[in-house]
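In: Structural data only, the sequence is not supplied:
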């Protein structure tokens, strides 16, 4: 079991640029979640997938954000026209998603810095 | 709307002391799940416990114990005989059941520092 992986681990970009992050969940995990964590705060829910279907999006996810999970395996989170306020740690988590509220396994996160 | 409050921003103790981390939550749901996660300096969130709202039994796992009181909407976490390796940020979280299950609402976290 290799755990949830995220790539890249760190990203520095200039304001206005587009960035894309990747998350590889634990294999056979049906649910995949994205959260954002700013310094000194708890993670905030952004969106989640059940297999390839995106089931819910937070109001935090503006039109500049888009997430996909095309084949129900890995997922990408894209931020267009980045702003300084997008600087945060972006966390991915996965769970079996079969029954009940099973535990979520978190990846190491991608730290985004927008200059 | 769901809300989780961890009123203690930082706690500092000396090794072997017991320490309790407080968590108070708000939800209109009658059924829900509560969680505790640990975030060590490496940054990766580590699952500690899950508790459903039907079960108010306290739980003990080694040096860790949890006290769930539905009447006061609290889910407190106690570390007995703390160790330096317990130093981390601890988060309490809440999840609804139903179609939005797994959508965690986290508290602000409590930074625990255990000094040798």
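Out: That came in fine, so what should we check first? Computed from a prediction, not measured in an experiment: that's the story for all the values here. Numbering: from 1, shown residues only, chains lettered A, B, ... in the order given.

In: in chain A, which ranges drop under the pLDDT threshold?
Out: A:1, A:99-101 (pLDDT under 70).

In: got the residues of chain B near chain A?
Out: Residues of chain B lying close to chain A by Cβ under 8 Å from any Cβ of the partner chain are B:4, B:33, B:35, B:37, B:42-47, B:50, B:52, B:91, B:93, B:95, B:97, B:99-109. Bear in mind the C-beta positions are built from the backbone N, C-alpha and C, glycine included.

In: Could you give me the ChimeraX syntax to select whichever of those residues are buried?
Out: Buried subset of these, written as a ChimeraX selection, criterion 16 or more other Cβ atoms under 10 Å in any protein chain shown:
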select /B:4,33,35,37,43,44,45,47,50,91,93,95,97,101,102,103,104,105,106,107,108,109
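
In: Let's see which of the residues of chain B next to chain A end up in strands.
Out: B:4, B:33, B:35, B:37, B:46-47, B:50, B:52, B:91, B:93, B:95, B:105-106 (DSSP state E).

In: Please look at residue B:31 and residue B:94 and confirm they touch.
Out: No - counting by Cβ atoms under 8 Å, residue B:31 stays clear of residue B:94, with 11.6 Å between them.

In: Geometrically speaking, which residue is the centre of chain A?
Out: residue A:34 (3.2 Å; Cα atoms, centre = their mean).

In: do the helix or strand that residue falls within and chain B meet?
Out: Residue A:34 belongs to strand A:31-37 when assigned by DSSP states H and E. Yes - Strand A:31-37 is in contact with chain B by Cβ under 8 Å from any Cβ, via A:31, A:33, A:35.
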